[in-house]
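Peer 1: Predicted model, plus sequence, below.
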Number of protein chains: 2
Amino acid sequence: MKKRAPEKPARRGTYRHGDLRRALLEAGVALAREGGPEAIVLREATRRAGVVPNAAYRHFASRDDLLQAVRSAALAELARAIEAELAKTRRAKTLEEDARGALRAVGRAYLRFALGESGLFRTAFATPEDLGLGPNPARSGQSGLNPFELLGSALDKFVSAGLLPPERRPGAEFLAWSAVHGFAMLILDGPLRPVPRAQLDAIGERVIAMVEKGL
Amino acid sequence: MKKRAPEKPARRGTYRHGDLRRALLEAGVALAREGGPEAIVLREATRRAGVVPNAAYRHFASRDDLLQAVRSAALAELARAIEAELAKTRRAKTLEEDARGALRAVGRAYLRFALGESGLFRTAFATPEDLGLGPNPARSGQSGLNPFELLGSALDKFVSAGLLPPERRPGAEFLAWSAVHGFAMLILDGPLRPVPRAQLDAIGERVIAMVEKGL
DNA sequence: GCGTCTTGTGGACAGTGTATACATATTCGC
DNA sequence: GCGAATATGTATACACTGTCCACAAGACGC
């Protein structure tokens, strides 16, 4: 027994965790879901993973690094929610109907996610500390699997249906995205808070309609 | 009741500060201007005011309380920026010209403030801890001195000019506000970051145009 | 088998928000 | 006027955070 280290610390089974990185990431996502970006605190994540605080630094360079990983996961979940909504609205007779249906589906899913998973949503758009470093998680990712591109293909249908002049297509994502995103943010950040939920949904529909008409 | 003469600021012997609340508030605003809401740390504010950390608790119930005060100040500054821009665009021949000019002035001032004073802007819309408590700083304030009402009066002109059906006037602030606010947020939070500034301005104009057309 | 690399541990430090107890300047009741 | 009450700032302390460093325990290549 060369062990001079007193094993008084309750050894929690396996020294090696197996996949600590994933465990920390999942803990971070759970925290974000419950309380937004500021709720994701490194020590709590390690606590939930049953590991000592510093162990996190073997997998993430800093708290902000973990934050960014959670951010990407949150964006992916948003994209999945949008895709699911799109999948439910496939049948359409005319090109125009198809295009309008797709855009409205994206908008509705976006707003529903923002309100229903506000913690994750706010995390997905948390201001990063390291500005402009690495690929932008909101716009990268495999094709069709991020909110930006999903919105883009809906707008492509608008062009195909003759509802949007091709010369106005570039940058159109930003217009549509701005309107819906801003609406969500105004709700979450307070300015629209005293407005009751039912009325909120109605205004949301009008926001989407504004986009359709004003693009 | 003798007014304290502020001839010697930060003098060691001056036990009474004079107007510590204002000093803390100003320090908080300065911090927010430099680094956004998360940069406003209570201890640093007291340090700048030349006072011990706990002194802040005689004037603010918590860090979040100070945060909310700074938030109100930031919103007031935004309102002032909008008013200044409006004052520069008073001459218009037709009602329509006047209405469009006002709306565009509000939008432009809003976006310029968001980009130029990003720290204050982000602070103005920081998610509050205490949800739905007290009057909403973004919508209260003396008449005409908050962004919400300034935008509202611009929209009233739209109705007067016959550009917006009266039945669609209620809630129209939310549509316009959402679009411009969302655009600002997408820039500040990263998703639009790789886009160069000049192109950003162009898209901003298109966002405002979308609002005009789609309301 | 052994040496090396990876991953988790233990302990420490500075910095934060905040509570409690204390001290002093200002104000107020008489 | 003057003493007490109150308002305001100080001193000390605590729990909590992110992060650094040295070290140990398992895994792995040879």
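Peer 2: Arrived safely.
Peer 1: pretty sure A:Arg48 is touching A:Ala27, no?
Peer 2: Yes. Counting by C-beta atoms under 8 Å, A:Ala27 is a contact partner of A:Arg48 at 4.1 Å. Backbone N, C-alpha and C define where each C-beta goes, glycine included.
Peer 1: where in chain A is pLDDT low?
Peer 2: A:1-16, A:130-134, A:142-144 (pLDDT under 70).
Peer 1: What sits closest to the spatially most central residue of chain A if chain neighbours are left out?
Peer 2: With distances taken as C-alpha atoms, centre = their mean, A:Leu75 lies nearest the centre of chain A, 2.7 Å away. Once flanking residues are discounted, A:Leu75 sits nearest to A:Ala124: 4.7 Å by C-beta to C-beta, 6 or more residues apart in numbering or on different chains.
Peer 1: check contacts around A:Phe60.
Peer 2: A:21, A:24, A:42, A:66, A:69 (C-beta atoms under 8 Å, 6 or more residues apart in numbering or on different chains).
Peer 1: Quick check: phi and psi at it.
Peer 2: The phi/psi pair for A:Phe60 (degrees, to the nearest 10) reads phi -140, psi 140.
Peer 1: All the helices of chain A, residue numbers only.
Peer 2: A:20-35, A:42-48, A:63-87, A:95-116, A:118-124, A:147-160, A:172-188, A:197-214 (DSSP state H).
Peer 1: nearest to DNA strand C, of those helices?
Peer 2: Ranking the helices of chain A by proximity to DNA strand C (C-beta to the nearest atom of the strand) places helix A:20-35 first, at 3.6 Å.
Peer 1: Any part of that closest one near chain B?
Peer 2: No. Applying C-beta under 8 Å from any C-beta of the partner chain, one finds helix A:20-35 separated from chain B by no less than 10.5 Å.
Peer 1: Including distance to B:Gly152, could the helices of chain A go into a markdown table?
Peer 2: Putting these into a markdown table (distance: least, C-beta to C-beta, whole Å) gives the following:
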| stretch | distance to B:Gly152 |
| --- | --- |
| helix A:20-35 | 34 |
| helix A:42-48 | 43 |
| helix A:63-87 | 32 |
| helix A:95-116 | 23 |
| helix A:118-124 | 27 |
| helix A:147-160 | 29 |
| helix A:172-188 | 14 |
| helix A:197-214 | 15 |
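Peer 1: now those as TSV including distance to DNA strand D?
Peer 2: TSV is the format used below for the helices of chain A (distance: least, C-beta to the nearest atom of the strand, whole Å):
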stretch	distance to DNA strand D
helix A:20-35	10
helix A:42-48	4
helix A:63-87	4
helix A:95-116	25
helix A:118-124	14
helix A:147-160	27
helix A:172-188	22
helix A:197-214	32
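Peer 1: And those helices: which comes nearest B:Pro37?
Peer 2: Closest of the helices of chain A to B:Pro37 is helix A:118-124, at 12.9 Å (criterion: C-beta to C-beta).
Peer 1: which strands and helices sit next to the closest one?
Peer 2: helix A:20-35, helix A:63-87, helix A:95-116, helix A:172-188 (3 or more C-beta pairs under 8 Å, 6 or more residues apart in numbering or on different chains; DSSP states H and E).
Peer 1: coming back round to it: the more surrounded of A:Arg48 and A:Ala27?
Peer 2: The neighbour count for A:Arg48 versus A:Ala27, taken as other C-beta atoms under 10 Å in any protein chain shown, is higher for A:Ala27 (23 against 15).
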